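A.B. asks: Pasting a predicted model and its sequence here:
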Amino acid sequence: MTSAGSGLTLLQTCALSLLVFTGASQFALVGALAAGGGPFTAAAGAFFLGVRNAFYGLRLSELLALPRAVRPFAAQWVIDETAAVSLAQPTRRAARLGFVVTGLSLYLLWNLTTLLGALGAEALGDTDAWGLDAAGPAVFLALLAPMLRTGTERAVAGLAVLLGLGLLPVLPAGVPVLVAALAAPAVLWARGRRNTPRGDAPGEER
Amino acid sequence: MNIWIAIGVTAVGCYAVKLAGLLVPAGVLERPLVRRLAALLPVALLAALTAQQTFSDGQSLMVDARAAGVAAAAVALMLRAPFLLVVASAVVVTAGVRALGG
């Protein structure tokens, strides 16, 4: 994948996919490292992107009712896709089956394509000449687009873009993204003040 | 070495949050504010990352062929193109603009 173009070795690229196995975090980590960010600021950004998996786990834990001993093994497969498939199943049996099938096939496919991508990138040499440096932001955009459903999400995205770009020249690499994450609580707080009686999220389109 | 540290920290952190979701009692994470925040954090991070990787080189802001590529990806997304096609369109347009001297 794109990580081989950002200075990671083949082994590091594959270890990332095997061990982290949550796409957005992997791309974020690679992007932050490529931009010259320190290991901990880079990892912090990737970590925040992975936090949503805890909420999938929460829903899945009820649904799948896994024995405690199995949970540490199932945990690695708790990602967007397995949660989407499992939560769409009508019965617990089907949900468990969906979780295992989706988890296993995605894990194999994801790591196989990582290996092929890394090998391919090494063969290509200068990945920038092939436009591969645009693949990273395109991936982020594709992940982001379905999330921009309401005005709240769009406000958060807009504020985060301003913070991310505005602070880039003045703060150390990797830090502006973390500051941009504050757009989420900031917008929530502003919205909460504006319509306190409603409590839940406003669903209007802008 | 730095890269291995980053990979290690990320792997442990991301695994820990996945496991936490499976183990923690529902009440702790089910509060509406926590849920909303967890849903909005990826939005903020992805938006900032998209913008930075499109319009910067190191610590300086710039507009180059990548902007055209990401714009193409945005158009592909609006046309509801599949994921790989979206990424491919960004790559192809960026490479094309660069080949033309952009």
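C.D. replies: The structure has been received and is ready for your questions.
A.B. asks: burial count for A:Val70?
C.D. replies: Burial of A:Val70, expressed as a neighbour count using other Cβ atoms under 10 Å in any protein chain shown, amounts to 11. For glycine as for every other residue, the C-beta is placed from the backbone atoms N, C-alpha and C.
A.B. asks: Now do the same contact list for A:Gly31.
C.D. replies: The contact partners of A:Gly31, taken as Cβ atoms under 8 Å, 6 or more residues apart in numbering or on different chains, are A:6, A:136, B:49, B:52-53.
A.B. asks: Now do the contacts for the residue positioned nearest the centre of chain A.
C.D. replies: Most central residue of chain A, judged by C-alpha distance to the mean C-alpha position with Cα atoms, centre = their mean, is A:Ala24 at 2.7 Å. Taking Cβ under 8 Å, 6+ apart as the contact definition, A:Ala24 lies against A:49-50, A:140, A:143, B:42, B:46.
A.B. asks: same thing but 7 Å
C.D. replies: If a contact means Cβ atoms under 7 Å, 6 or more residues apart in numbering or on different chains, then A:Ala24 has A:49, A:143, B:42, B:46 as its contacts.
A.B. asks: any chance you could read off phi and psi for it?
C.D. replies: A:Ala24 adopts backbone torsions of phi -60, psi -40, taken as degrees, to the nearest 10.
A.B. asks: who does the helix ranked longest in chain A touch, helix- and strand-wise?
C.D. replies: When chain A is parsed with DSSP state H, its longest helix is helix A:92-124. Judged by 3 or more Cβ pairs under 7 Å, 6 or more residues apart in numbering or on different chains; DSSP states H and E, helix A:92-124 is in contact with helix A:10-19, helix A:52-64, helix A:80-87.
A.B. asks: follow-up on the earlier one: so which of the contacts of A:Gly31 are in helices?
C.D. replies: Here DSSP H is the test, and the contacts of A:Gly31 give A:136, B:49, B:52-53 as lying in helices.
A.B. asks: among those, who's most crowded?
C.D. replies: B:Leu49 (30 neighbours).
A.B. asks: contacting residues for it?
C.D. replies: Shown in contact with B:Leu49 (Cβ under 7 Å, 6+ apart): A:28, A:31, A:140, A:177.
A.B. asks: ok, now with 10 Å
C.D. replies: Going by Cβ atoms under 10 Å, 6 or more residues apart in numbering or on different chains, B:Leu49 touches A:24, A:27-28, A:31-32, A:35, A:45, A:49, A:136-137, A:139-141, A:143-144, A:160-161, A:164, A:177, A:180.
A.B. asks: gap between A:Leu8 and A:Phe47?
C.D. replies: To A:Phe47, A:Leu8 is 18 Å away according to Cβ to Cβ, to the nearest Å.
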